[in-house]
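*Asks:* with the sequence up front, the predicted model follows.
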Amino acid sequence: MTHPTPRLHELHDNPQETEQLTRTWHSPRGFPGWFTQVNQRMIGRRFIITGFIFFLLAGVLGLLIRAQLAGPEQHFLAPDLYNQFFTMHGTVMMFFFAIPVMEGFAIYVVPLMLGTRDMAFPRLNAFGYYIYLIGGIVLFGSLLVGMAPDAGWFNYVPLAGKTYSPGYGVDIWTTMITFIEVSALTAAVELIVTILRLRAPGMSLNRMPPFVWAALVMSFMIVFAMPAVIVSSTLLILDRLVDTQFFLVESGGQPLLWQHLFWYFGHPEVYIILVPALGMISTIIITFTGRPIFGYTALVLSVVSIGFVSFGLWVHHMFTTGLPQLGMSFFTAASVTIAIPSGVQIFCWIASLWGAKIRFATPMLWVLGFFAIFVIGGLTGVMIASIPFDTQVHDTFFLVAHFHYVLIGGAVFPLIGALYYWWPKFTGRLMSETAGKWSFWLAFIGFNVTFFPMHQLGLEGMPRRVYTYTAEMGWGDLNLLSTLGSFVLAAGFLVTLINALWSLYRGQPSGANPWNAPTLEWATESPSAAYNFRHIPIVESQWPLWDWQQRGERSVVTGLSHRQREVVITSMLDADPVGVQILPSPTIWPFTAAVAASSGFIGLIFHPVFFVMGFFLVFFTLVGWFWPRRPWKEDACE
């Protein structure tokens, strides 16, 4: 097979070539075809849609929680049901919405930004989605049948042990968390290999868009953080199912081991969610200021620094557990240090906005809202990095306020802005700007009315994770205000949902590049074809579309076959073309492998022998997955 070769020429439509590419990259349609699709656009879209469905369901649970806390001594929810809703809300938001939807955006957008036709391992991509979907369905199914986990999304032992949490709720939590992290790891491996080896020729590391850098850092963080929570949940399920003694004090176990393992994952998880949001913000600022980002190198290095430093913070969740003072001082220093690269990001964005002719479209509004909210969350983060202050507000609503300011302000606001920004790429249509602005202001006002009073509630001593409180405590007015704000916040997100559904049928056609953006995902029609690029582009600058507009021409790769799914392999540093990879066609095997793995994990909830049976089922599906296929021949496709 010949290597791809670069060529500079005028791009003309070739109907026969386009028709052959369409047949080669075609994804089966209809209900049976849904189980065989492996294309990155299809899988990325599924992650995004499924993640937002889980966001909607978890949001409804959050509203019910706020309704219970709206006044003192409420009986809207029974205590057991409240604990289930509380646990499900946090678990779904953290594990089934935030990380998967960020990965979904990366799976969809990153290959387009890189100028390639698909992900490196399409079947593994599809397998990860089916794992994610089945895990979410099982978790919500447990709520419907009254078996939902109720020990909190953090699942602390000994509360989560067999003595204090009988039944299957905690077993479902530990098993599904282990299960869902497999999905996250598959997506992370996909993104790492795709970014490092499938970039368009000429896209050296210093020419990658900021969002691609953010996706790469996020993926490496997942690879290093997720094994910790897999280990902790596995140890807990062993304690519960086969009577091991990892966390039982009376048998020599150590409950703090759970917290160390869980928060070693849990605090980097906050930044796993935040880092891709930072890349989204940079992307939107570049487009709506119409000029390159200020301090590209500083932005990239700060994102990488956040990835490293975030692994040295986990003990600041454990300042009240009696650990040695000297050791906790180290984590105080690390907790303050991570504010430095975050501040670098913000100052680079401010410099980019300074003096620019900003277009205040809806995506830009959500970014500006992020600035106001995230800075408050960052400041309170520095406050609770102080051991004396954290000792006073630990396990109070001050922490709830800080947590939501960081995650909703730092991740959900940029995410909604990115949804408006890339919606034309997903659908070929624009969302309504008027509805988008209504959505933003409702969400911005509702968010602050909901969560800012919680700072004061925490300072007044209201503990978090409580079912109710007495009128004598004096917390009723602020809780009522917070509950009213939560419904305004929900209304803001609901407007975006209606806007998205309306635009699918009535939205204004967007054209290929409605924002005049400079990155490669806008170099194709919107939505792009199944093969992404008819000709793989050659990149010669950081902002290729603006560069091509000035030059009036572009360089492309030739030599790729139109009769099989080929992508260009490039070198890791300079993206020089070194070969061609042939990608697999649609197949049922990722789905069958996911079902087989699911049977083992779900069966483990009830008896360990089912996990062994699931292992053999997975083995047989993998045999079919990797069974050698008949080599492709030119005359066979004539």
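*Replies:* Alright, I've got the coordinates.

*Asks:* wait, isn't residue 20 in contact with residue 564?
*Replies:* No. Counting by Cβ atoms under 8 Å, residue 20 does not reach residue 564; the two are 10.5 Å apart. From N, CA and C alone the C-beta is placed, and that goes for glycine too.

*Asks:* model confidence score at the nearest residue to residue 180 once chain neighbours are set aside, please.
*Replies:* Nearest in space to residue 180, with sequence neighbours left out and distances taken as Cβ to Cβ, 6 or more residues apart in numbering, is residue 135 at 4.5 Å. What the model reports for residue 135 is a pLDDT of 94.

*Asks:* how far off centre is the helix or strand residue 135 falls within?
*Replies:* Using DSSP states H and E, residue 135 maps to helix 122-144. The chain centre lies 15 Å from the centre of helix 122-144; the measure is Cα atoms, centre = their mean, to the nearest Å.

*Asks:* next SSE downstream of it?
*Replies:* helix 169-197.

*Asks:* which strands and helices lie in contact with that next one?
*Replies:* On a contact count with 3 or more Cβ pairs under 8 Å, 6 or more residues apart in numbering; DSSP states H and E, helix 169-197 meets helix 79-91, helix 99-114, helix 122-144, helix 210-241, helix 589-604.

*Asks:* return the set of buried residues in it.
*Replies:* 169-192, 194-197 (16 or more other Cβ atoms under 10 Å).

*Asks:* cool, and stretch 121-139?
*Replies:* Under 16+ other Cβ under 10 Å, the buried positions of stretch 121-139 are 121-136, 138-139.

*Asks:* can I get it in PDB, CA atoms only?
*Replies:* The C-alpha coordinates for stretch 121-139 follow below in PDB (Å, rounded to 0.1, in the frame of the first residue of the first chain):
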ATOM      1  CA  PHE A 121     -10.600   2.200  17.200                       C
ATOM      2  CA  PRO A 122     -14.300   2.600  16.100                       C
ATOM      3  CA  ARG A 123     -15.500  -0.700  17.600                       C
ATOM      4  CA  LEU A 124     -14.000   0.100  21.000                       C
ATOM      5  CA  ASN A 125     -15.700   3.500  20.800                       C
ATOM      6  CA  ALA A 126     -19.100   1.800  20.200                       C
ATOM      7  CA  PHE A 127     -18.400  -0.800  23.000                       C
ATOM      8  CA  GLY A 128     -17.800   2.100  25.500                       C
ATOM      9  CA  TYR A 129     -21.100   3.700  24.600                       C
ATOM     10  CA  TYR A 130     -23.200   0.500  25.100                       C
ATOM     11  CA  ILE A 131     -21.500  -0.100  28.400                       C
ATOM     12  CA  TYR A 132     -22.400   3.400  29.500                       C
ATOM     13  CA  LEU A 133     -26.000   3.100  28.300                       C
ATOM     14  CA  ILE A 134     -26.600  -0.300  30.000                       C
ATOM     15  CA  GLY A 135     -25.100   1.000  33.300                       C
ATOM     16  CA  GLY A 136     -27.300   4.100  33.300                       C
ATOM     17  CA  ILE A 137     -30.400   2.000  32.600                       C
ATOM     18  CA  VAL A 138     -29.600  -0.400  35.400                       C
ATOM     19  CA  LEU A 139     -29.000   2.400  37.900                       C
END
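
*Asks:* just the helices in the stretch 401-550 of the chain please.
*Replies:* Secondary structure of the stretch 401-550 of the chain (DSSP state H, counting those that start in this stretch): helices at 413-427, 433-459, 476-506, 544-551.

*Asks:* go through these and pick out the most buried.
*Replies:* helix 413-427 (a mean of 25; mean count of other Cβ atoms under 10 Å).

*Asks:* for that helix, packing partners?
*Replies:* Contacts defined by 3+ Cβ pairs under 8 Å, 6+ apart place helix 413-427 against helix 99-114, helix 255-289, helix 362-384, strand 429-430, helix 433-459, helix 476-506.

*Asks:* tell me what angle it forms with helix 476-506.
*Replies:* Orientation check (axes from the mean of the first three to the mean of the last three Cα atoms, to 10 degrees): helix 413-427 against helix 476-506 gives 10 degrees.

*Asks:* how far does helix 413-427 sit from the chain's center?
*Replies:* 14 Å.

*Asks:* output stretch 615-625 in CSV with nothing but the alpha carbons.
*Replies:* Taking Å, rounded to 0.1, in the frame of the first residue of the first chain, the C-alpha atoms of stretch 615-625 are listed here in CSV:
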residue,chain,number,x,y,z
PHE,A,615,-16.2,-13.6,31.7
PHE,A,616,-16.7,-16.6,29.4
LEU,A,617,-19.5,-14.9,27.5
VAL,A,618,-17.2,-11.9,26.9
PHE,A,619,-14.4,-14.3,25.7
PHE,A,620,-16.7,-15.8,23.1
THR,A,621,-17.8,-12.4,21.8
LEU,A,622,-14.2,-11.2,21.6
VAL,A,623,-13.4,-14.2,19.5
GLY,A,624,-16.0,-13.1,17.0
TRP,A,625,-14.8,-9.5,17.4
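
*Asks:* circling back to that earlier point, could I get the helices and strands packed on helix 413-427 as TSV with mean pLDDT and distance to residue 240?
*Replies:* Converted to TSV, the helices and strands packed on helix 413-427 look like this (pLDDT from 0 to 100; distance: least, Cβ to Cβ, whole Å):
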stretch	mean pLDDT	distance to residue 240
helix 99-114	96	25
helix 255-289	94	13
helix 362-384	93	32
strand 429-430	96	50
helix 433-459	96	33
helix 476-506	96	34
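
*Asks:* turn those into CSV, columns for distance to residue 313.
*Replies:* Putting those into CSV (distance: least, Cβ to Cβ, whole Å) gives the following:
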stretch, distance to residue 313
helix 99-114, 18
helix 255-289, 5
helix 362-384, 10
strand 429-430, 40
helix 433-459, 20
helix 476-506, 28
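
*Asks:* OK, contacts around residue 109?
*Replies:* The neighbourhood of residue 109, defined by Cβ atoms under 8 Å, 6 or more residues apart in numbering, consists of 44, 211, 422, 425, 521.

*Asks:* if you set the cut-off to 7 Å instead, what comes out?
*Replies:* Shown in contact with residue 109 (Cβ atoms under 7 Å, 6 or more residues apart in numbering): 211, 422, 521.

*Asks:* for residue 126, same thing?
*Replies:* Counting by Cβ under 7 Å, 6+ apart, residue 126 makes contact with 37, 38, 43, 590.

*Asks:* and the pLDDT at the closest residue to residue 591 other than its chain neighbours?
*Replies:* Of all residues not flanking residue 591 in the chain, residue 35 sits nearest, at 4.6 Å (Cβ to Cβ, 6+ apart). For residue 35, the model assigns a pLDDT of 94.

*Asks:* near residue 35, how many other residues are there?
*Replies:* 17 (other Cβ atoms under 10 Å).

*Asks:* torsion angles phi and psi at it?
*Replies:* Reported as degrees, to the nearest 10, the phi and psi values for residue 35 are phi -90, psi 0.

*Asks:* so it touches residue 587, yeah?
*Replies:* No. Residue 35 is beyond contact range of residue 587, at 9.5 Å (criterion: Cβ atoms under 7 Å).

*Asks:* sounds good, over and out.
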